[in-house]
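Colleague: A predicted structure for the sequence below; I have some questions about it.
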Amino acid sequence: MAETHVLFVEDDDVIREATQLALERDGFVVTAAPDGLTGLERFRADRPDIALLDVMVPGLDGVSLCRRIRDESTVPVIMLSARADSIDVVLGLEAGADDYVTKPFDGAVLVARIRAVLRRFGHASGPGRGAEAEPDEPEGGVLRFGDLEVDPEGMEVRRAGQQVALTPTEMRLLLEFSAVPGTVLSRDRLLERVWDYGWGGDTRVVDVHVQRLRGKIGQDRIETVRGFGYKLRG
C-alpha cells in the first residue's frame, strides 16, 4: 500500500525537525518546508496527500498558503495555530482548511487528527492501515431539496442545474444533513460524524464549514436552531 505523503510547513527549526521525525516514525513520508513560498513550491512539485500548515510562517503565511492550495486542489489541510482562541484559527478554516491543531501539540494527537482527516478523504492513514469504513450515506438515488440536488452515490451536488464544487469535508457535512432533512443535528454530532472527533472538539470548525456550505448551496438552505444546532430545510 502506498505511503501517505505529508507536506509540513513550519518555520521553527526545532518544531519542524522534531515533528518530521515523529511523523516518519509513524510511517508517513514527510516533506518539510521552512516558509510558505517554499511550501507552495513543494506542494506543486510533490502533490502530497495532506498539508500541515503553521499559521505564522514567513514569505507566504499559512492562511494565504491554504487559499493558494485550495484554489488548485481539494487535498486535506490542517492548520497549526499557537493559540486556541486566535482569530487565525477561524481565518484558516474560512480559507478552506479542514481542521486545526493547537500548538504545542502532542505527537500522538497530531497523528490521530491526520488519520481522522485522511479517513474522511478516503486515503490510507499510514502504511498498512487501510481507510476505515465510511459512515452510512443516504440511499435511493438523487435527493432533492428545492433547487438543490444531492447524489450520494455519484458524490455530486447541483443547484439550479449547475454543478456545485464542494470539498470532501463539505460534501460529508451535506450528506449528514441530507440523510435526515428537517432534523436538527447538534454540533457535537457533526463533529463526531464528519470530523471523527470521538473526544469532542472545537465547534468553530462546524460553524465555519456550515457557513462555507451555505455560501455554495444557498444561505437559507441550512437553518440555525439556536441553542441546538443546524438542520437542512426539506
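Modeller: Thanks, I have the structure now.

Colleague: what's near enough to touch the spatially most central residue of the chain?
Modeller: With distances taken as C-alpha atoms, centre = their mean, residue 98 lies nearest the centre of the chain, 1.9 Å away. Residues in contact with residue 98 (C-beta atoms under 8 Å, 6 or more residues apart in numbering) are 76-78, 117, 120, 167-169. C-beta coordinates here come from the backbone N, C-alpha and C atoms, glycine included.

Colleague: ok, so of those residues, who is nearest residue 65?
Modeller: Among those, residue 77 lies closest to residue 65 (C-beta to C-beta), at 8.9 Å.

Colleague: hang on, that closest one packs against residue 97?
Modeller: Yes: using C-beta atoms under 8 Å, residue 77 is in contact with residue 97, at 4.5 Å.

Colleague: overlap in contacts, those two.
Modeller: Contact criterion C-beta under 8 Å, 6+ apart; residues shared by residue 77 and residue 97: 53, 66.

Colleague: rewinding a little: need the worst-confidence member of the contacts of residue 98.
Modeller: Minimum pLDDT across the contacts of residue 98 is recorded for residue 120, with 79.

Colleague: can you tell me the element it falls in?
Modeller: For residue 120, the host element (DSSP states H and E) is helix 107-121.

Colleague: could you point out the helix or strand that follows that helix?
Modeller: strand 143-145.

Colleague: that next one - contacts with which helices or strands?
Modeller: Contact partners of strand 143-145 among helices and strands, from 3 or more C-beta pairs under 8 Å, 6 or more residues apart in numbering; DSSP states H and E: strand 148-151.

Colleague: what pairs with the strand it packs on, parallel or antiparallel?
Modeller: strand 143-145 (antiparallel), strand 156-159 (antiparallel) (DSSP bridges).

Colleague: how about JSON lines for these, with mean pLDDT added?
Modeller: Shown next, in JSON lines, are the strands paired with strand 148-151 (pLDDT from 0 to 100):
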{"stretch": "strand 143-145", "mean pLDDT": "93"}
{"stretch": "strand 156-159", "mean pLDDT": "94"}
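
Colleague: looking at these, spot the one closest to residue 64.
Modeller: Per C-beta to C-beta, nearest to residue 64 of the strands paired with strand 148-151: strand 156-159, 27.5 Å.

Colleague: buried stuff in the closest one?
Modeller: Buried residues in strand 156-159, counted by 16 or more other C-beta atoms under 10 Å: 157-159.

Colleague: residue 194: which of these is nearest?
Modeller: Of all those, residue 194 sits closest to residue 157, with 15.5 Å by C-beta to C-beta.

Colleague: is the closest one bridged to anything, and to what?
Modeller: residue 150.

Colleague: quick one, what contacts the residue lying closest to residue 185 once chain neighbours are set aside?
Modeller: Nearest non-adjacent residue to residue 185, counting by C-beta to C-beta, 6 or more residues apart in numbering: residue 229, 5.1 Å away. The neighbours of residue 229, taking C-beta under 8 Å, 6+ apart as the test, are 184-187, 189-190.
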